[in-house]
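Undergrad: The amino acid sequence is not available; the structure is as follows:
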């Protein structure tokens, strides 16, 4: 089992719809969870981080964390073509040591105009 | 505030050569991490430095090394380059030293150095 798993996609949604991206992790003790967006040929850009169970909203983005089920998700409301990118989930399992973040392989999102 | 700066942006090297990549973190950030990104493997952790000390190392051969200077700038070196070392090398900085098991602050990535080994 991979430490951090994401569906590679592509996930295609129409413009204006809600895009839902999911990530599961294996280390139950993990406490830090991050979502990054990466455009083709560019470096990852931080979108959101979440540490506590529940929802965290920032503009059109909502991160959801469920530690009991070991998943973290990212919702993008009113999706725009400019949201088309690969979304990376990152986790810092306590067993991995300080600042050794484990990244999923990413989900490619395509927002159709 | 200036972001993480990596130089050079592109490098083309030949097998057997060595290469040094440079990273300047965001001002005030003392933790610097390095990652390798390839299409097949995704983002793989190389190492992390804080206050000139390597605190964590990934599963890479000893050909990959790094260091951090007193001003938090960091370099990584790859010796005896192989074709499989072709990748995007990303440096990231973070503001807090990290408290295990407490939550860690996010990584902020530079634009990366794209290394091509021929």
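TA: Received, thanks. Source: prediction; values computed, not measured. Numbering: from 1, shown residues only, chains lettered A, B, ... in the order given.

Undergrad: and residue A:54, how many neighbours?
TA: Around residue A:54 there are 10 other residues, counting by other CB atoms under 10 Å in any protein chain shown. Where you see a C-beta, it was placed from the backbone N, CA and C, and this is true even at glycine.

Undergrad: If it is in a bridge, with which residues?
TA: residue A:65 (DSSP bridges).

Undergrad: Okay, now the unreliable bits of chain A?
TA: For chain A, applying pLDDT under 70 flags the ranges A:1, A:95-98.

Undergrad: again but with chain B, I slipped
TA: Scanning chain B for pLDDT under 70 picks out B:1, B:96-103.

Undergrad: which residues sit in contact with the one residue sitting closest to the centre of it?
TA: The residue lying closest to the centre of chain B (CA atoms, centre = their mean) is residue B:34, at 2.4 Å. Residues near residue B:34 by CB atoms under 8 Å, 6 or more residues apart in numbering or on different chains: B:23, B:45, B:46, B:47, B:48, B:66, B:74, B:76, B:89, B:90, B:91, B:92.

Undergrad: Helix, strand or coil: sort out it for me.
TA: strand (DSSP: H, G, I helix; E, B strand; the rest coil).

Undergrad: Write down the beta-bridge partners of it, one by one.
TA: residue B:47, residue B:91.

Undergrad: now do the one 4 residues further on
TA: With DSSP bridges as the criterion, residue B:38 is bridged to residue B:42.

Undergrad: From what I see, it and residue B:85 are in contact.
TA: No - contact status for residue B:38 versus residue B:85: not in contact, 9.4 Å apart, counting by CB atoms under 8 Å.

Undergrad: Among the two, which residue is more densely surrounded?
TA: Between residue B:38 and residue B:85, counted using other CB under 10 Å, the more crowded position is residue B:85 (21 against 13).

Undergrad: Now for that one: which residues touch it?
TA: Residues counted as contacts of residue B:85 (CB under 8 Å, 6+ apart) are B:78, B:115, B:117.

Undergrad: Any residues of chain A in contact with chain B? List them.
TA: A:29, A:31-32, A:34, A:36, A:42-46, A:49, A:51, A:88, A:90, A:92, A:94, A:96-106 (CB under 8 Å from any CB of the partner chain).
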